[in-house]
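[1] Coordinates for the following, if possible.
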Amino acid sequence: MQRAIFCDFDGTIARSEVFVALMRHFAPQAAARILPEIYAQRLTLRDGLPQVLGTIPSWRWPELEDFVRDTEIRPGLDGLLAHANKAGIPFIVVTGGFTRMAEIVLAPYRQEIYAIHGLEVDTTGEWLRVSSPWQDDHELVAKAAVVAHYHPRDAVCIGDSITDLRVARQCPLVCARDRLAEYLRAEGRDFLPFDDFGDVSAALEQRGWWREPAHAG
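    This next block holds a predicted model:
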């Protein structure tokens, strides 16, 4: 494909960090111990997340699904999706959290979203077990691997936190907010700040993304 938009879910599409809130609610002790180590980059996402999620009993999974059902969407998503679809640009959601949670929240927009990638969960055992076809030595969901899978000629990555940092270092154009913006600023990397998706739409319009429709190739 010629162009593609890769967008994080928690804290980006969702106005709040739903995945973090979920871990703090259902695994408070493990989350309190592990999450600060992940944010400080002393512990990888691949090593840290299973230590938190693996303390949640599988029988609670329906409660986790219910936990996200009233999640508030960041303003402007419908407009960004409309621009992307009109321009023929795939909008791909890549979440460091559960694929299923993103699917629940994004159900009203699903026809306009090209794909959703994230953590898969196995509830057949006593405790939750998580995996992903995109995992590498550092991340359970290596977002850079997802981008590479689609091999776009041009890409924009939209994100807000630690799960977006490694892909942001490689993506040609990055829209960042919150923790991700702080990481990139500290590393002296360029990015486009945003508050809502109207800001992202305007930034891409200035760069000709909407005026130059992309075609699959």
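[2] the helices in this protein, which residues?
    18-26, 28-39, 45-53, 61-68, 77-87, 99-105, 143-150, 165-168, 178-186, 197-206 (DSSP state H).
[3] Now do the buried residues in the longest one.
    Along helix 28-39, the positions that meet the burial threshold by neighbour count (16 or more other C-beta atoms under 10 Å) are 30-31, 34-35, 38. (Glycine included, C-beta is placed from N, CA and C.)
[4] Out of the residues you listed, which is nearest to residue 163?
    residue 38 (9.2 Å; C-beta to C-beta).
[5] Now do the same contact list for the residue nearest to that closest one when sequence neighbours are not counted.
    Nearest non-adjacent residue to residue 38, counting by C-beta to C-beta, 6 or more residues apart in numbering: residue 48, 4.6 Å away. Counting by C-beta atoms under 8 Å, 6 or more residues apart in numbering, residue 48 touches 34-35, 37-38.
[6] among those, which one has the lowest pLDDT?
    The lowest pLDDT within these belongs to residue 38, which sits at 90.
[7] Around residue 151, how many other residues sit close by?
    9 (other C-beta atoms under 10 Å).
[8] okay, the residue nearest to it when sequence neighbours are not counted: pLDDT?
    Once flanking residues are discounted, residue 151 sits nearest to residue 1: 7.7 Å by C-beta to C-beta, 6+ apart. We have a pLDDT of 78 for residue 1.
[9] buried sites along stretch 164-171?
    For stretch 164-171, burial by neighbour count (16+ other C-beta under 10 Å) applies to 164-168, 171.
[10] swap that for stretch 110-128, please
    113, 116-119, 121, 123, 128.
[11] In JSON lines: those, plus distance to residue 96 and pLDDT.
    Output for the buried residues of stretch 110-128, formatted as JSON lines (distance: C-beta to C-beta, whole Å; pLDDT from 0 to 100):
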{"residue": "113", "distance to residue 96": "17", "pLDDT": "98"}
{"residue": "116", "distance to residue 96": "12", "pLDDT": "98"}
{"residue": "117", "distance to residue 96": "10", "pLDDT": "97"}
{"residue": "118", "distance to residue 96": "7", "pLDDT": "96"}
{"residue": "119", "distance to residue 96": "7", "pLDDT": "95"}
{"residue": "121", "distance to residue 96": "14", "pLDDT": "95"}
{"residue": "123", "distance to residue 96": "19", "pLDDT": "96"}
{"residue": "128", "distance to residue 96": "16", "pLDDT": "96"}
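[12] Much appreciated, bye for now.
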